[in-house]
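> Got a sequence here, can you model it:
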Amino acid sequence: MKRNTIGALDDPNSELRRRIDRSLTNLGRRLATEPELQAKVDDWVMRAAGHIVDHYRGEVSDLIAGTVAKWDGKATSERMELQVGRDLQFIRINGTIVGGLAGLAIYSVTQLMF
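You can find the predicted model right below:
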């Protein structure tokens, strides 16, 4: 049964594959046009993400940290610059400004409090 199912999924002309394609296409159309369904799916995704964070926080954190640790910094930054292009400069400038303003706000609050 497993072999037949995998074979049907691999075959673009199989009945199973055609039904899945039709169902996903129909779901996509409904998501694009039905606000109630959009809200339901948003709620499901938020609850699922919340569940994952609540129950698997450590594992997800370890996975992300391990993945990032394996990155070559120079190669990664070059790829990001190629993908993002000129927008990366604006992101850097905005990050600097926002970071500076946040630092100024924190400093000001601590000076006022003490």
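> from here on, contacts and neighbour counts on C-alpha atoms
OK.
> after the least confident helix or strand in the chain by mean pLDDT, next one along is what?
When the helices and strands of the chain are compared on mean pLDDT, DSSP states H and E, helix 73-84 comes out lowest with a mean of 83. Downstream of helix 73-84, the next assigned helix or strand under DSSP states H and E is helix 87-113.
> And that following helix, how far out from the chain middle?
Computed by Cα atoms, centre = their mean, to the nearest Å, the chain-centroid distance of helix 87-113 equals 25 Å.
> Now do it and helix 73-84, the angle between them.
Angle, helix 87-113 to helix 73-84, by axes from the mean of the first three to the mean of the last three Cα atoms, to 10 degrees: 110 degrees.
> buried ones in helix 87-113?
When burial is assessed from 16 or more other Cα atoms under 10 Å, helix 87-113 yields no buried residues.
> Quick check: Leu24 vs Arg17, distance?
As judged by Cα to Cα, to the nearest Å, Leu24 and Arg17 stand 11 Å apart.
> Sorry, wrong one. I was asking about Ser108.
Here Ser108 is placed at a distance of 61 Å from Arg17 (Cα to Cα).
> Same check on Thr33?
Taking Cα to Cα, one finds Thr33 at 24 Å from Arg17.
> Looking at these two, which one has more neighbours?
Arg17 (17 against 10; other Cα atoms under 10 Å).
> quick one, what contacts the more buried one?
Ala8, Leu9, Asp10, Asp11 (Cα atoms under 8 Å, 6 or more residues apart in numbering).
> Check which helix or strand Trp44 maps to.
Trp44 belongs to helix 35-70, assigned by DSSP H and E.
> For that helix, the averaged confidence score.
The average pLDDT for helix 35-70 rounds to 92.
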